[in-house]
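>>> Next one to model:
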Amino acid sequence: MNSKQLISRNIEVFYNKASEETRLDKGMGVFEFERIKSLIEKYLPSSSSKIIDIGGGTGKYSEWLAKKGHQVYLVEPVPKHIKLAQNRANKLKNKFSVQLGESRKLEFKNNFADLIILHGPLYHLQKKEDRDLTICEAKRVLKNGGIILAFAINYTASTLVGLLNGLIHKNSFFEMCKEELTSGIHNPPDDFPWLLAEAYYHKPEQLKDEFINQGLTYINTYAVEGMAWLDKEYFANMLNNKKKKTLLELIKITENDSYLLPFSPHMMIAVKKNDL
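Here you go, the predicted model:
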């Protein structure tokens with residue numbers, strides 16, 4: 001095994017089997033891509049700025065940001081993704097930089113970036129000290145007044161899915177849900193190999209605390225899917241313009257409602273590094 005293994009073997013195996021490249025091009029992925037872009041846009045500086053996309057996968061978001069004229073630095077621990085991201089960057093006039101690395105040890109100087117996006121690190125690091133290190137490092141390389149946008153999986157995510165499709169009555173699936181609801185630790189059971197590799201699922205309040213404890217100023221938490229995905233015909237309706245409009249409006253008016261946040265499988269937190 002490579003002594004420089006950046007992430008857990010299980011996570012690397014998961015992504016080598018799964019296609020992160022095409023995921024955002026089909027089904028839920030298309031909506032996820034559009035929705036996350038709209039959330040990031042709320043905090044995008046209007047003029048060209050330095051943005052670090054940590055855990056940025058195959059570079060779809062980096063490409064989008066580079067096309068908007070920003071200086072983008074993608075950091076990603078999965079070699080397969082790095083190759084794809086590099087190909088993507090090479091096709092652009094305003095290329096983004098691509099580096100193999102991970103969130104606990106960033107190769108940037110202090111006060112470097114205007115905006116940092118944490119795409120995967122918070123839910124791929126099960127140990128609190130690793131997540132703390134990640135947040136600490138992001139804070140270090142962020143300019144004063146800069147913003148961190150971080151994505152997390154809600155502690156209710158599998159349970160809601162299990163209730164909607166009957167999996168909750170499968171013993172191993174329910175055991176996994178109980179663990180997530182009580183400790184936040186997610187490990188896919190052997191009989192569900194297609195589930196996300198080992199991960200950590202946050203309670204919204206706890207996500208907020210992890211950032212505040214590192215001396216960052218809390219701005220807001222946003223539901224990514226909101227409760228709209230509970231619509232019985234969700235996939236079909238997201239392809240129907242009129243019905244999609246209704247669902248998007250529902251997400252919009254509830255995106256910052258802390259009581260409804262646990263109905264959304266994913267959430268995004270926005271925090272600021274205060275000017276000293």
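
>>> quick one, helices of this structure?
9-17, 20-23, 28-41, 60-67, 79-90, 121-124, 128-141, 157-165, 171-183, 204-212, 234-238, 241-254 (DSSP state H).

>>> max-length strand in this protein?
Secondary structure of the chain per DSSP state E: the longest strand is strand 142-154.

>>> Can you tell me how far Leu125 is from Tyr73?
20 Å (C-beta to C-beta, to the nearest Å). In this view, the C-beta of every residue, glycine as well, is placed from N, C-alpha and C.

>>> per-residue confidence averaged over stretch 235-246?
Per-residue pLDDT over stretch 235-246 has a mean of 92.

>>> okay, how far is it across that stretch, tip to tip?
14 Å (C-alpha to C-alpha, to the nearest Å).

>>> Any buried residues in it, and which?
Across stretch 235-246, burial judged by 16 or more other C-beta atoms under 10 Å covers Met238.

>>> One more: stretch 44-61?
Quick answer for stretch 44-61 (16+ other C-beta under 10 Å): 44, 49-61.

>>> What is the most widely separated pair among these?
Farthest-apart pair in these is Ser49 and Thr58; separation 22.4 Å (C-beta to C-beta).

>>> contacting residues around the residue nearest to Glu225 when sequence neighbours are not counted?
Spatial nearest neighbour of Glu225, excluding adjacent residues (C-beta to C-beta, 6 or more residues apart in numbering): Ser264 at 5.1 Å. Neighbouring residues of Ser264 by C-beta atoms under 8 Å, 6 or more residues apart in numbering: Asn154, Ala223, Val224, Glu225, Gly226, Met227, Trp229.

>>> Phi, psi for Ser264 please.
phi -100, psi 120 (degrees, to the nearest 10).

>>> do you know how far it is from Asp231?
Ser264 sits 13 Å away from Asp231, taking C-beta to C-beta as the criterion.

>>> Now do stretch 221-238: distance from first to last residue.
By C-alpha to C-alpha, the extent of stretch 221-238 from end to end equals 24 Å.

>>> which residues sit against it?
Defining contact as C-beta under 8 Å, 6+ apart, one finds that stretch 221-238 is touched by 27-28, 31-32, 35-36, 39, 151, 160, 164, 204, 207-208, 243-244, 247-248, 250-251, 254-258, 260-261, 263-270.

>>> and the closest residue to His119 other than its chain neighbours, how far is that from Leu247?
Distance criterion C-beta to C-beta, 6+ apart; nearest residue to His119, sequence neighbours excluded, is Gly55 at 4.1 Å. Per C-beta to C-beta, Gly55 is found 27 Å from Leu247.

>>> repeat for His70
30 Å.

>>> for Asn154, same thing?
Using C-beta to C-beta, Asn154 is found at 18 Å from Leu247.
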